[in-house]
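Chemist: sequence first, then the predicted structure:
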Amino acid sequence: MSIRIVRLGTPRASGEGLRLGTVRRPPRGVPKSEFGTRDFYDTWLPNIAPSAELMAEGQAAQTDKEWAAFKRKFNAEMKAPEASHLLDLLAALSHQTSFALGCYCEDENRCHRSVLRELLAQRGADIRN
């Protein structure tokens, strides 16, 4: 049992389980009925995605300093009770069932899912590489 951190829209791994979309917006041009079958997500979980304003800042980050500022602000957003409790739940569930979470970004190193990976690891989640 574990969590996989994935890029939404990529083929699912064997045994991946339920795929959670940690994004603010659904995929463009894809009918809602096809989100799962087209390997985007089975369940939408925008509560642990950056706010729209912060997402724009993260996507615009060009330097390591700008990226560090994004990470600091996103970590602060994830300290809000609703997000924090959800991260605690996901970390606990990772020891009972397999699932994946992700977003659309091509490079995980410049994506909020890298921060989610760190936050879940800090909570003792079982994360598969």
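Modeler: Yes, it's here.
Chemist: which parts of stretch 13-27 are buried?
Modeler: Residues of stretch 13-27 classed as buried under the neighbour-count rule (16 or more other CB atoms under 10 Å) are 16-17, 19-23, 27. Glycine gets a C-beta too; all of them are placed from N, C-alpha and C.
Chemist: so can I have a markdown table of the residues you listed showing distance to Ala76?
Modeler: Formatted as a markdown table, the buried residues of stretch 13-27 follow (distance: CB to CB, whole Å):
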| residue | distance to Ala76 |
| --- | --- |
| Glu16 | 30 |
| Gly17 | 30 |
| Arg19 | 27 |
| Leu20 | 22 |
| Gly21 | 22 |
| Thr22 | 17 |
| Val23 | 19 |
| Pro27 | 27 |
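Chemist: export those residues to TSV and tack on distance to Asn47 and secondary structure?
Modeler: Putting the buried residues of stretch 13-27 into TSV (distance: CB to CB, whole Å; DSSP: H, G, I helix; E, B strand; the rest coil) gives the following:
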residue	distance to Asn47	secondary structure
Glu16	21	coil
Gly17	19	coil
Arg19	16	strand
Leu20	10	strand
Gly21	11	strand
Thr22	8	coil
Val23	11	coil
Pro27	18	coil
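Chemist: show me which pair in those is furthest apart.
Modeler: Gly17 and Pro27 (19.8 Å; CB to CB).
Chemist: next, count neighbours for Phe74.
Modeler: 24 (other CB atoms under 10 Å).
Chemist: what about Arg38, how many neighbours?
Modeler: Number of residues near Arg38 (other CB under 10 Å) recorded here: 13.
Chemist: alright, that wraps it up for me.
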